[in-house]
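[1] sequence plus the predicted model coming up.
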Amino acid sequence: MSEVVLVTGAASGIGAAVARRFAAGGAHVVVADIAEEAGQAVAAEIGGLFVRTDVGSEQDNRAAVEAAVTTFGALNVVHLNAGIGGGGDELDLDWYRRIVAVNLDGPVLGIRAALPALRAAGGGAIVVTASLAGVAPFSGDPIYSATKHAVVALVRSLAPKYRESGVTINALCPGVVDTPILPEEAKEFVRESGLALASPAYVAAAVERMVREGETGQAWEVQAGKEPAPIEFPRFELTRTKPDEG
């Protein structure tokens, strides 16, 4: 039976590349995105199913999962990739609420919707797109960075709870990637600075590797010119009082 894969934010960039990669490997792919025309084009190209999805909507997340199960019979892999960033005033509440709705509510609602279907299939994999701005501060877009830090913490904290049910949950932390979310002036700065710009296809290969390796609770650094690998986080233990300190 072919693998069934759901990808959000799949109309362009990393999401589209992930959809193409899994489809090329024989998977049935659900292309979920709010951009209907572009999403339908990707779905038609790969022989997949397009579902219009606002990731900030609980109903839309459930509908995307239901479409996968109803159409293809199961759900095995979920890549919660949809995200926004750039150009907002971090002190503007409307911008703050919008970016949190997509970048943080989206993964929470997506995981919540997908878990029952993955467990019903005997296990599966969830990959959530975070960013290197989710493991290091990024003054260029503080709220974006905050949401991505939250995603990394969510994945690392949630993953152990579902290990026994066969569901892995990991975070993808790309560096600079040539996608529509990166403004043209930023791409020009990257080129002039001599920084490596990863292609979406390169990142998609890392996503497939994360799924296949079967580990959980990890955040993977993915940058052009560098072998993708899990990030090593410091370990902390809570201090304890000594017996004579009460």
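    Perfect, thanks for sending it. Numbers count the residues shown, from 1 in each chain.
[2] contacts only, for residue 44.
    Each residue near residue 44 by CB atoms under 8 Å, 6 or more residues apart in numbering is listed here: residue 50. Every residue, glycine included, has its C-beta placed from N, CA and C.
[3] mind checking the pLDDT average for the host helix or strand of it?
    Using DSSP states H and E, residue 44 sits within helix 36-46. Helix 36-46 shows a mean pLDDT of 99.
[4] try stretch 167-179
    Per-residue scores along stretch 167-179 average to 94.
[5] report the buried residues of that stretch.
    Within stretch 167-179, the residues that qualify as buried by neighbour count (16 or more other CB atoms under 10 Å) are 167-179.
[6] after the worst-scoring helix or strand of the chain on mean pLDDT comes which helix or strand?
    Every helix and strand of the chain was ranked by mean pLDDT, DSSP states H and E. The lowest is helix 184-193, at a mean of 78. As assigned by DSSP H and E, the chain's next helix or strand after helix 184-193 is helix 200-213.
[7] with just CA atoms, put the helix or strand just after that following helix into CSV.
    Remark: after helix 200-213, the chain's next helix or strand is strand 219-222, criterion DSSP H and E. Extracted in CSV, the C-alpha atoms of strand 219-222 (Å, rounded to 0.1, in the frame of the first residue of the first chain):
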residue,chain,number,x,y,z
ALA,A,219,15.4,19.6,15.6
TRP,A,220,17.4,19.3,12.5
GLU,A,221,19.7,22.0,11.2
VAL,A,222,19.5,22.1,7.4
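[8] max-length helix in this structure?
    What stands out as the longest helix in the chain, according to DSSP state H, is helix 142-162.
[9] for the lengthiest strand in the chain, name the packing helices and strands.
    Criterion DSSP state E: the longest strand present in the chain is strand 167-174. The contact analysis (3 or more CB pairs under 8 Å, 6 or more residues apart in numbering; DSSP states H and E) places strand 167-174 against helix 106-120, strand 124-129, helix 142-162, helix 200-213, strand 219-222.
[10] who touches stretch 86-104?
    Residues outside stretch 86-104 that contact it (CB under 8 Å, 6+ apart) are 55-56, 82-85, 141-144, 147-148, 150-151, 154, 181-183, 186.
[11] ignore what I typed, I meant stretch 205-220.
    With CB under 8 Å, 6+ apart as the test, stretch 205-220 has contacts from 14, 18, 21-22, 25, 77, 79, 125, 127, 130, 134-135, 152, 155-156, 159-160, 162-163, 167-173, 222, 228-231, 233.
[12] please consider this matter closed, and thank you.
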